[in-house]
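Enquirer: Below: sequence and its predicted model.
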Amino acid sequence: MPDVFEVLRQDHFEVKTLLGQLKETTDQEQRGKLRTDLVIAESGHEAAEEMHFWPTVRRLVDGGDDLAEAALHQEANGKKVLAQLDQATPGTAEFDDLIATFAELGNAHISYEEETVWPQLQAVLDPTSAADLGAAIERAEATGPTRPHPNGPDNPAGLKTAGPAVAAADRIRDHMTGRQ
């Protein structure tokens, strides 16, 4: 079973790969599909972190509240851009600008997590707890939202209460619009 750091490392790799493909691909239909893949992956990832990862950081790491607040601020900015990107038309200057902005925000957030937060959490998290947290994040991602909700709750209680309904509504909307 992968631990939390392996799960998140894979998520970060996926985001970086999608961003690289978006930068390299000139086919606008393909760019639209890659954008949708990015939006879906990031929406579930951020919700899972907000429900499980950041509360663990707050609870176990000295100064965890400050670390989590900084990360949640980064994530909120990313969700706003992602919501705009989800509506933008591939092949437009707006689309390209939003991709560039999200790449900058996403890479900064990934660096912050991996270089600042992870070492501190790794120092206090035992292997069993790391594996349990990884499993919780994987479950949350699998059933999480598929669209960004920048005005939704970013606290664990609000996400656990509203999250399943929002995720279900996203999936119904995806089905009705043919979004994969």
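Expert: Thanks, I have it.
Enquirer: Pull out the buried positions in the lengthiest helix in the chain.
Expert: Taking DSSP state H as the criterion, the chain has its longest helix at helix 64-87. Buried positions in helix 64-87, judged by neighbour count with 16 or more other C-beta atoms under 10 Å: 64, 67-68, 71-72, 74-75, 77-86. C-beta here means a position set from N, CA and C on the backbone, and glycine is covered the same way.
Enquirer: And stretch 131-142, by the same measure?
Expert: For stretch 131-142, by 16+ other C-beta under 10 Å, it's 131-138, 140-141.
Enquirer: could I get these as a markdown table with secondary structure, pLDDT and distance to Glu94?
Expert: Shown next, in a markdown table, are the buried residues of stretch 131-142 (DSSP: H, G, I helix; E, B strand; the rest coil; pLDDT from 0 to 100; distance: C-beta to C-beta, whole Å):
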| residue | secondary structure | pLDDT | distance to Glu94 |
| --- | --- | --- | --- |
| Ala131 | helix | 98 | 42 |
| Asp132 | helix | 98 | 42 |
| Leu133 | helix | 98 | 38 |
| Gly134 | helix | 98 | 37 |
| Ala135 | helix | 97 | 39 |
| Ala136 | helix | 96 | 37 |
| Ile137 | helix | 96 | 32 |
| Glu138 | helix | 96 | 34 |
| Ala140 | helix | 90 | 31 |
| Glu141 | helix | 91 | 28 |
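Enquirer: so which of those would you say is closest to Val124?
Expert: Proximity of the buried residues of stretch 131-142 to Val124 was ranked by C-beta to C-beta; the top entry is Leu133 with 12.1 Å.
Enquirer: ok, now how distant is the closest one from Val61?
Expert: Distance from Leu133 to Val61, counting by C-beta to C-beta, to the nearest Å: 13 Å.
Enquirer: before we move on, what about Asp27?
Expert: Asp27 is 44 Å from Val61, by C-beta to C-beta.
Enquirer: And Glu14, by the same measure?
Expert: From Glu14 across to Val61, the span is 25 Å (C-beta to C-beta).
Enquirer: quick one: which of these two has more around it?
Expert: Legend: neighbour count by other C-beta atoms under 10 Å for Glu14 and Val61, higher for Val61 (20 against 15).
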